[in-house]
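**Student:** sequence and predicted structure, then a few things I'm wondering about:
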Amino acid sequence: MEKIANPYMDDIIVKGNDLPRHGGPQDRGSADAYYHRPYDPHYYVGDSITSERVEKDNMTVGEIEAYDYGYENEHDRKDWG
């Protein structure tokens, strides 16, 4: 898969009250932690599920760091009860 310049700047970690782009690495890391899913760096080029998924092998170091930040800093968890 050829990686093209990402207009979303998915390697920028969003902090505070702002939200990361839906489908971006930080958003996916946060969602994986929230839903008790295993660590699996990835993101979508557009919206989650409905666009092409980018796997870890095709992610930049910055994109993986954004996923990590989302995964490690999501303190809420889905209550399946």
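**Tutor:** Received the coordinates, thanks. Numbering: from 1, shown residues only.

**Student:** what's around the residue nearest to Ser48 when sequence neighbours are not counted, how many residues?
**Tutor:** Of all residues not flanking Ser48 in the chain, Gly23 sits nearest, at 4.4 Å (C-beta to C-beta, 6 or more residues apart in numbering). To be clear about C-beta, it is placed using only N, CA and C from the backbone, and glycine gets the same treatment. Number of residues near Gly23 (other C-beta atoms under 10 Å) recorded here: 21.

**Student:** so who does Gly23 touch?
**Tutor:** Gly23 makes contact with 43-48, 51, according to C-beta atoms under 8 Å, 6 or more residues apart in numbering.

**Student:** recalculate using a threshold of 6 Å.
**Tutor:** Gly23 makes contact with 44, 46-48 under the criterion C-beta atoms under 6 Å, 6 or more residues apart in numbering.

**Student:** report the secondary structure state of it.
**Tutor:** Here Gly23 is recorded as coil under DSSP: H, G, I helix; E, B strand; the rest coil.

**Student:** please report how far it lies from Gly81.
**Tutor:** Between Gly23 and Gly81 the distance is 28 Å, computed by C-beta to C-beta, to the nearest Å.

**Student:** just the buried ones from the contacts of Gly23?
**Tutor:** By neighbour count, with 16 or more other C-beta atoms under 10 Å, the contacts of Gly23 hold Tyr44 as buried.

**Student:** which ones among the contacts of Gly23 lie within strands?
**Tutor:** With DSSP state E as the criterion, strands contain Tyr44 from among the contacts of Gly23.

**Student:** right, I'll leave it there.
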